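Trainee: 3D, please:
(2 chains)
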Amino acid sequence: MSNVPADLKYTKSHEWVRALPDGSVEVGITDHAQHALGDLVFVEVPEAGRTLKAGEACAVVESVKAASDVYAPLAGEVTAGNPKLQAQPEAVNAQPYGAGWLMRLKPAPGALAAADLLSAADYQKVLDAEGG
Amino acid sequence: MAFIPHTSADVAAMLAAIGANSIEELFDEIPQELRTRALEGIPEALNEMQVGRLMSERARADGALMNFIGAGAYEHHIPAAVWAITTRGEFYSAYTPYQAEASQGTLQLIYEFQTMIARLTGMEVANASMYDGASATAEAALMAVRANRKSSSARILVPTTLHPHYRRVATATTHNQGLKLEELPYAAAEGTVAPAALARYEGEDITALVIQQPNFFGRFEDVDALTDWAHARGTLVIAVVNPTSLALLKPPGEWGARGADIAVGEGQPLGVPLSSGGPYFGFMTTRMELVRQMPGRIVGRTLDVAGKSGFTLTLQAREQHIRRAKATSNICTNQGLLMTAATIYLALMGPQGLQRTAAAAHARARELVAGLTRVPGVRQAFAGAHFHEAVLQLDRPVAGVLKGLAARGIAGGFDLSAYYPQLGHALLVCATETKTSADLERYRVALSEVMQAARAA
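Mentor: Numbers count the residues shown, from 1 in each chain, chains lettered A, B, ... in the order given. Alright, predicted model coming up:
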């Protein structure tokens, strides 16, 4: 069973979103996603300052067997890419909801409300439907 | 075994199985206006005997001329052992096998090729080779756009001292992918890019700058100044280099304060014979931090479960069979056979042998230019040093002069007038270690005769 923390929001494409106290959000990939990819060997995160549209491919996670795009869960401006992942991509496997975060975004006005995000319970249903 | 995989009975059975009447019917959704009708200028089919005869007649016509043409493909002595070894059954394949790791010998050879090319260019990592120098240059432009994440313009500065064919291939490959290749002029007196010419790009977003060294005219660009200019503005540097010259020149990895970011080139001078435009092979190198943006195969060395050293294809997540449409390139193969010859050539020559070859070619070219510019009506176009080719300017059209030289058994050079009309009657000549002083004298005498005859006419 994958770990699906109740306090986060999710996307159908297996990203998670955490609201931070300053109004920005932190984005990563779920425990299910990291497990499906296997051991990560490389993570490419976006540069700070880049403006993203909702659903835009904005990061790459590469394992020994596959490379996958990560999509922006909502529109906004990148305030930081996780600088530790260049040297330690395995942090995404070890702590997908913690040290393995990928980027922080400042949502565009209204973007958070407009984003098509799932609750933990609804994301769990997506996983159940996928057989995960 | 038949050479044709499907007999007409096979084809009929397959069509019947899917309910189609003809092969043509399978393509009927392609609009008429997009179809290629009969190909023009293609002669009737010949059988093997007729082709053999035709080709040996053409080979006789070619082989009779003493060659002074360079312009991107260079005649060098190839030790007999190179192709004797390359054509052994164990090596004689154009491709990396599909079950690559089952062929440890092939992978070891590619690994050694990569190591030699990386050392020659002074760069950190090389791929397993590309199709040729021109396509490698085009791929380097695409790679620079992916790799330079601080730039969003996709503008690439391309000096007109880059081989004109490379410029055409790069433009054809990249213009539908949104890249803007912008021509950078050269200084008329020197035949090199004047770093001052870059001033007009000050403050603009330029993704990459291409620098060919030695350039198409055989001249030396101020690679340190150009590289530092680019890096100070967040512009990547793509070096296009002649591998033979690197035995003497500063490698791209050491250009300027930080070195070039991507180095590519035509590998043909390393053990591949001149052959009517190919097949040749390209090489491509970069720094480790950009390796995931580099196209092509890469072989790595690793340890197996028993702790024994072995070779494997690595970083495959960049490639088509895994990344699909997002792969770094549609090119996911290499020029296996020619790269094999180059590896054996480099192993036989060693650093000293390559250095002696480069030095001899340079000396012969100087001697050639000194001799030819003594002929009335012939002058050197650009002041200053050149590697193993140089541009001459004649007092009459080059085409007629080349015809006269060919009648005297000499392929006199590459006519530049269509590519660089501003140079007038310009001829690019080349000499390598394959020419003796007597050969150079023969060219001088022949040119003298042809020019004199033309003047008298």
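
Trainee: any idea of the mean pLDDT for stretch B:121-138?
Mentor: Here stretch B:121-138 scores 97 as its mean pLDDT.

Trainee: give the contact list for the residue of the stretch 51-200 of chain B found nearest chain A.
Mentor: Scanning the stretch 51-200 of chain B for the residue nearest chain A gives B:Arg149, at 5.5 Å (criterion: Cβ to the nearest Cβ). Where C-beta positions appear, they are placed from N, C-alpha and C, glycine not excepted. The contact partners of B:Arg149, taken as Cβ atoms under 8 Å, 6 or more residues apart in numbering or on different chains, are A:Glu47.

Trainee: which helix or which strand is home to it?
Mentor: For B:Arg149, there is no helix or strand it lies in under DSSP states H and E.

Trainee: need phi/psi at it.
Mentor: Main-chain dihedrals, B:Arg149, degrees, to the nearest 10: phi -80, psi -10.

Trainee: what does the one 10 residues further on give?
Mentor: Dihedral pair for B:Pro159: phi -60, psi 150, per degrees, to the nearest 10.

Trainee: beta partners of it?
Mentor: B:Leu184 (DSSP bridges).

Trainee: spit out the contact partners of it.
Mentor: Counting by Cβ under 8 Å, 6+ apart, B:Pro159 makes contact with B:Glu183, B:Leu184, B:Pro185, B:Tyr186, B:Val193, B:Val210, B:Ile211, B:Gln212, B:Asn215, B:Glu221.

Trainee: what's the distance between the last one and chain A?
Mentor: The reference is to B:Glu221. Distance, B:Glu221 to chain A, using Cβ to the nearest Cβ, to the nearest Å: 31 Å.

Trainee: got a pLDDT number for that residue?
Mentor: On pLDDT, B:Glu221 comes in at 97.

Trainee: that one in helix, strand or coil?
Mentor: With DSSP: H, G, I helix; E, B strand; the rest coil as the basis, B:Glu221 sits in coil.

Trainee: for the contacts of B:Pro159, which one is nearest A:Val17?
Mentor: B:Val210 (42.2 Å; Cβ to Cβ).

Trainee: for chain A, longest helix please?
Mentor: Ranked by residue count and defined by DSSP state H, the top helix of chain A is helix A:120-130.

Trainee: other SSEs contacting that helix?
Mentor: strand A:9-10 (3 or more Cβ pairs under 8 Å, 6 or more residues apart in numbering or on different chains; DSSP states H and E).

Trainee: which helix or strand lies directly C-terminal to the strand it packs on?
Mentor: Next element after strand A:9-10 (DSSP H and E): strand A:15-19.

Trainee: interface residues of chain A facing chain B?
Mentor: Chain A has residues A:Val41, A:Phe42, A:Glu44, A:Glu47, A:Glu62, A:Ser63, A:Val64, A:Lys65, A:Ala66, A:Ala67, A:Asp69 near chain B, with proximity defined as Cβ under 8 Å from any Cβ of the partner chain.

Trainee: for the residues you listed, pick the one with the most neighbours.
Mentor: Within those, A:Ala67 tops the neighbour count with 24 neighbours, counted by other Cβ atoms under 10 Å in any protein chain shown.

Trainee: contacting residues for that residue?
Mentor: A:Phe42, A:Val60, A:Val61, B:Ala317, B:Arg318, B:Ile322, B:Arg323, B:Lys326.

Trainee: before we move on, the earlier item: report the buried members of the contacts of B:Pro159.
Mentor: Among the contacts of B:Pro159, those scoring as buried are B:Leu184, B:Tyr186, B:Val193, B:Val210, B:Ile211, B:Gln212, B:Asn215, B:Glu221 (criterion: 16 or more other Cβ atoms under 10 Å in any protein chain shown).

Trainee: determine which two of those residues are furthest apart.
Mentor: Farthest pair in the buried ones among the contacts of B:Pro159 (Cβ to Cβ) is B:Tyr186 and B:Val210. Separation: 12.8 Å.

Trainee: keep only those of the contacts of A:Ala67 that are in strands.
Mentor: Residues of the contacts of A:Ala67 located in strands (DSSP state E): A:Phe42, A:Val60, A:Val61.

Trainee: how near is the nearest residue to the second one once chain neighbours are set aside to B:Gly70?
Mentor: What that stands for is A:Val60. In space, and not counting its chain neighbours, A:Val60 is closest to A:Glu44: 4.2 Å by Cβ to Cβ, 6 or more residues apart in numbering or on different chains. According to Cβ to Cβ, to the nearest Å, A:Glu44 and B:Gly70 sit 41 Å apart.

Trainee: low pLDDT regions in chain A?
Mentor: A:1, A:132 (pLDDT under 70).

Trainee: how does it look with 90?
Mentor: Flagging of chain A using pLDDT under 90 yields the residue ranges A:1-2, A:63-67, A:112-115, A:130-132.

Trainee: by proximity to chain B, which residue of it wins?
Mentor: Nearest residue of chain A to chain B, counting by Cβ to the nearest Cβ: A:Ala67, 3.9 Å away.

Trainee: where do the helices of chain B begin and end?
Mentor: Going by DSSP H, chain B shows helices at B:8-18, B:23-26, B:48-63, B:80-86, B:104-121, B:133-147, B:164-174, B:223-232, B:320-323, B:336-372, B:398-407, B:437-456.
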